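Visitor: build me a structure from this.
(2 chains)
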Amino acid sequence: MSVKSSSRWLFGFGAAVLVLVLVAVVLVLTMTGESDRNLLPEGTPGGVVQRYFRAIEAEDYWQAYNYLSPSALDEESRYNTYEKWIQAYLERRQTNAWKATLGEPSVSENTSVVPVTIDIFKPNIPFEDPVRTRRYTFTLEKKDDVWSITSPVYPLYLY
Amino acid sequence: MSTVKRAFFYTVSFITLGIFAGGVGSLLALCFDLLIRGESWKDFARAQLSLGLAMLVIGGVLWFLFWRVTQKQVSGEPAEIESLIRKFYLNVIRGVAALVGIVALVGFINWLMTGVPLDNFPSTGLSILVVAGSIWCYHWRLEEGEGQPTPDSKTLRRWYIYVLAAFGLISMANGAIQGINTAVFSLPVWGGDVVHGDFWSGDFPANLSWFLVGGLTWWFHWFYMAKGDTESILRQVYIYLLAITGGALAGLSALTFLLFKLFSFAFEGAGTAGNSYFLFLGWTIPTMIVAGAIWTYHQKIAQEEAGQGGEQKLSPRRIYLYLMSFIGLGTLIGGLSALLGTLLGLIIRAVGTETVAASGWWYDQLSISLALLVVGLPIWLFYWRRVLRMTEEGGVAERGAGSRRVFLYVVVGISIIAVATDLVIIVYQLLNGLLQGETGADILRGMAWSLQTLLVAVPVLVYHWRILRKDQGMGAEKLARRKRVHLIVGEGAADLIASIEGKLGSRVRLLRYTGEAPAELPVLSDEEIETLVNEIRTTPGNGVILVVTEGRVMVLPYEEK
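Guide: Below you'll find the predicted structure:
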């Protein structure tokens, strides 16, 4: 390949990269932050876990706390009041960006299990994968037709 | 460009290209996540966009600047095009890009085969595939367009080709074997009360993906890029050491395991395993078939290409024969030793005072010994007879070949160590038993393992020791060491070098003449090359410099102090 041909290829790559940058910027500015986008039905285990994470993302911690099962919180004395829970969370909370992806919930009468994958964005050096992945299993119980989270009730620090 | 400057530019280009590629990949994955997976996590997306843009802009600008300077230096400069650092850079880049792209392509095809579930869309994998594919494509065109004007640049290209061909072949073979094994496991004949998962949701799509992508990689590099490269020593290494020896080893290991399980079944039945006892057939038979196909195909290629070259081609073939003899001998020794162990066990139990003995204690030992013997004996006989024939035809030169010396010294060395260790243990057990007043059966039990290996190691040692002594007696170790040969020449000497290397059987190092070189190189006939090679061999000293002057090649011998 001659230098001229090489330049043509580089020009082509450069144009493609420019288009990619524009598309990425436009998509991020227009398509993210719509909290009601792709929301699951509220009365389902998946919908509850999803709203729990959305509430944490929106820093509406009181709302997030209300998705936790009161009986499970009573058993865990360290977090049995909102004050204790939010204090623990804010003390150790990290500021890295994160996202949660829900797996397929399994439901058995009044209990349910929802697998959740959390990707935390924490770049260090250029050649290291900036995304750290953690997996959690959320368990829920249904009381009076309302699903609530029984585990984990401790705040997810996401560091 | 000086070598240091060249190394600096290519190293910086390599690193900045990596940063640039990481940035492009990150943005591409972000677009896929937003468009296809419908993700809407604002903070995460913005963080990813920020890092992607930073890497893309900084890495991209730096790479572009350094690469432009490098490309300008290359323009119309043969010395830059054929520089070893540039060729190394281009081949490493396209090799790494190809391997990364292959893994990403397997993930993508696997996703397609599992029904295109949008929730599991491989955003990262597809972005890696696009970026690695683009980098590979650009550098592949660049390297193939420039060509390989020197033997060193040809060698670097060959490394790329045969590493990728080997990777493709192994991936294809492994995908086929694992795929068939998965299919066999899914057959409704193995019994069991609980069945979880089905055939298609298990590993099969991944196996099939590896088979397809591996096959494509192998096909492209072997049939297209390596086509006609019959003069290459790396090709011989690939054919003999990887494909033929590797295929034989894999197939024989599977055959040995299969025989062991069949002998075990004949002696003791399936035990508690029931129908599932025969699950081993699911991987042993496909391994034998696939390995056999690889072995047969490459054996055929090797035969077709045999005779087209000289000593250089003989070397990998010789290594292969000794390697297979070594494997056959090792397997045979293992089988004989295990068989002797079984016999000794019977004697010990006959003369001992043991009142409780587990029934069928010998099942596994006899099964493994028979399996090893059935496989090892024919292999050793077949290959060792070929070695003997080759030695007879090759005379003292053949006896002095490096691979033969290594084989004999390794076998003799291992045998001596085994005999010495066994003797120490036997004498210790004997003395200790007598002093402690133990019975004969107890002493025999203590030395059984050493006795069974000693009985095999002694004849092996004696046989190979005699061969070694005979070789030494015939002067095999006094053969002259290979000389260093340098050729000082201008442009376009590839054919001349190849002819000399073919007859000489060793490498000729090229020194580029920077003065006014003769316009035309001499075209030497086969006889003239033969005469030149004889002169190289017979001149005193441990090296020669060949100088092309006035239509002939002058031989200047030297002694390195």
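Visitor: packing partners for the helix or strand B:Leu255 falls within?
Guide: Taking DSSP states H and E as the criterion, B:Leu255 maps to helix B:245-268. Packing partners of helix B:245-268 (3 or more CB pairs under 8 Å, 6 or more residues apart in numbering or on different chains; DSSP states H and E): helix B:281-305, helix B:311-351, helix B:363-399. Heads up, the C-betas are built off the backbone N, CA and C, glycines and all.
Visitor: mind checking which of the ones you listed is nearest B:Ser450?
Guide: Across these, the minimum distance to B:Ser450, taken as CB to CB, is reached by helix B:311-351, at 10.5 Å.
Visitor: how far away is A:Arg134 from A:Ala58?
Guide: Per CB to CB, to the nearest Å, A:Arg134 is found 21 Å from A:Ala58.
Visitor: try B:Gly395
Guide: B:Gly395 is 87 Å from A:Ala58, by CB to CB.
Visitor: number of nearby residues for residue 41?
Guide: In the absence of a named chain, chain A is used. 9 (other CB atoms under 10 Å in any protein chain shown).
Visitor: let's do chain B instead
Guide: 24.
Visitor: how about low-confidence regions in the stretch 401-550 of chain B?
Guide: Counting by pLDDT under 70, the stretch 401-550 of chain B contains low-confidence residues at B:478-482, B:505, B:517-519.
Visitor: since we're on the residue in it positioned nearest to chain A, how many residues are nearby?
Guide: Closest to chain A within the stretch 401-550 of chain B is B:Glu491: 19.4 Å, counting by CB to the nearest CB. Residues lying near B:Glu491 (other CB under 10 Å) number 13.
Visitor: how about B:Asp33?
Guide: 25.
Visitor: check contacts around it.
Guide: If a contact means CB atoms under 8 Å, 6 or more residues apart in numbering or on different chains, then B:Asp33 has B:39, B:45, B:123 as its contacts.
Visitor: kindly recompute the last result at 6 Å.
Guide: Contacts for B:Asp33 (CB atoms under 6 Å, 6 or more residues apart in numbering or on different chains) come out as B:39, B:123.
Visitor: how about B:Phe20?
Guide: Contacts of B:Phe20 (CB under 6 Å, 6+ apart): B:59-60, B:63.
Visitor: name the nearest of the residues you listed relative to B:Arg507.
Guide: Of all the contacts of B:Phe20, B:Trp63 has the smallest distance to B:Arg507: 35.5 Å, by CB to CB.
Visitor: and the closest one, what element?
Guide: helix B:42-74.
Visitor: buried ones in that helix?
Guide: Neighbour-count burial for helix B:42-74, counted by 16 or more other CB atoms under 10 Å in any protein chain shown, picks out B:42-49, B:51-53, B:55-56, B:59-60, B:62-64, B:66-67, B:70-71, B:73-74.
Visitor: ok, B:Pro205 to chain A distance?
Guide: 19 Å (CB to the nearest CB, to the nearest Å).
Visitor: I'd like to know how many residues surround that residue.
Guide: Look at B:Pro205: counted by other CB under 10 Å, it has 20 neighbours.
Visitor: I'd say it and B:Thr114 touch.
Guide: Yes: counting by CB atoms under 6 Å, B:Pro205 touches B:Thr114, with 5.3 Å between them.
Visitor: give me the number of neighbouring residues for residue 98.
Guide: Using chain A here. A:Trp98 sits with 24 neighbouring residues when counted by other CB under 10 Å.
Visitor: actually, chain B is the one I wanted.
Guide: 23.
Visitor: where does the residue in the stretch 151-300 of chain B that chain A sits nearest to land in three-state SS?
Guide: Residue of the stretch 151-300 of chain B nearest chain A, by CB to the nearest CB: B:Ser201 (12.8 Å). Three-state assignment for B:Ser201 (DSSP: H, G, I helix; E, B strand; the rest coil): coil.
Visitor: phi, psi for it please.
Guide: phi -90, psi 0 (degrees, to the nearest 10).
Visitor: would you quantify the distance from whichever residue of the stretch 51-200 of chain B sits closest to chain A to B:Pro78?
Guide: Of all residues in the stretch 51-200 of chain B, B:Gly145 sits closest to chain A, at 3.4 Å by CB to the nearest CB. To B:Pro78, B:Gly145 is 14 Å away according to CB to CB.
Visitor: same deal with B:Ser367?
Guide: 65 Å.
Visitor: more neighbours, the two?
Guide: B:Ser367 (22 against 13).
Visitor: around the residue lying closest to B:Trp140 once chain neighbours are set aside, how many other residues sit close by?
Guide: Computed as CB to CB, 6 or more residues apart in numbering or on different chains, the closest residue to B:Trp140 that is not its neighbour in sequence is B:Arg94, at 5.2 Å. Residues within reach of B:Arg94, counting by other CB under 10 Å, total 25.
Visitor: would you mind identifying the next helix or strand past the helix or strand hosting B:Arg94?
Guide: Element membership of B:Arg94 [criterion: DSSP H and E] is helix B:84-113. Where DSSP H and E defines the elements, the next helix or strand beyond helix B:84-113 is helix B:123-146.
Visitor: residues of that following helix that come out buried?
Guide: Going by neighbour count (16+ other CB under 10 Å), the buried part of helix B:123-146 is B:123-136, B:138-140, B:142-143, B:146.
Visitor: give me the neighbour count for residue 27.
Guide: Using chain A here. A:Leu27: 18 surrounding residues under other CB under 10 Å.
Visitor: chain B, not that one
Guide: 27.
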